[in-house]
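Novice: return atomic coordinates for the entry below.
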Amino acid sequence: MEKFAAFARIAEVEFSNVVLSTQDLGHKLGIYLKDKTFVDFFYTTKPKTQRFSIHWERMHIDNSIYRLDNTPDKKWSKVATFPIHFHNKTYNHVEAVPFFIEQKSSLKIVFRRFLSFIQNKI
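Specialist: As a prediction, the model looks like this:
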């Protein structure tokens with residue numbers, strides 16, 4: 001089974017009102033949205049140190065990005081949800097995650113919550 005197949009299915013089926021299509025790009029999943037923006041989703045497969053990044057690119061619409069990731073960058077160590085942190089509109093505006101997830105939430109839950117965030121913004 002392909003690494004991103006389950007996530008592509010979640011995006012295309014559960015979020016079909018905002019998702020136009022998905023594409024497995026090998027190292028990440030591209031998600032193309034109906035408002036002509038896109039999401040890049042990446043994760044590692046090592047269970048002990050699993051890293052992920054979900055990046056919503058909106059630069060051509062309103063010069064913004066939204067990204068959720070768990071890279072333990074020390075710059076963001078004061079964020080309440082560290083190592084999980086949220087880049088809100090710009091790379092340097094980092095804050096706690098604006099929707100409920102727990103440190104031990106499954107990646108599918110995190111993915112769904114981020115797509116729900118997008119759905120509410122569009």
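
Novice: going forward, measure contacts and count neighbours with C-alpha atoms only.
Specialist: Noted.

Novice: show me the contacts for the residue nearest in space to the middle of the chain.
Specialist: By Cα atoms, centre = their mean, the chain has its centre lying nearest to Ile54, at 2.2 Å. When contacts are counted by Cα atoms under 8 Å, 6 or more residues apart in numbering, Ile54 touches Val39, Asp40, Phe41, Phe42, Arg67, Leu68, Asp69, Phe111, Phe114.

Novice: what of Glu95?
Specialist: Counting by Cα under 8 Å, 6+ apart, Glu95 makes contact with Val79, Ala80, His85, Phe86, His87, Asn88.

Novice: do Phe15 as well
Specialist: Residues in contact with Phe15 (Cα under 8 Å, 6+ apart) are Leu115, Ser116, Gln119.

Novice: and it, how close does it get to Asn92?
Specialist: As judged by Cα to Cα, to the nearest Å, Phe15 and Asn92 stand 28 Å apart.

Novice: and Met59, by the same measure?
Specialist: The gap separating Met59 from Asn92 is 15 Å, by Cα to Cα.

Novice: cool, Gly30 as well?
Specialist: 23 Å.

Novice: which of those two has more neighbours?
Specialist: Using other Cα atoms under 10 Å, the more surrounded residue of Gly30 and Asn92 is Gly30, with 20 against 11.

Novice: need the next SSE after the one helix or strand the more buried one maps to, C-terminal direction.
Specialist: In this structure, Gly30 sits in strand 29-33 according to DSSP states H and E. Where DSSP H and E defines the elements, the next helix or strand beyond strand 29-33 is strand 38-43.

Novice: what helices or strands is that next one leaning on?
Specialist: strand 29-33, strand 52-58 (3 or more Cα pairs under 8 Å, 6 or more residues apart in numbering; DSSP states H and E).
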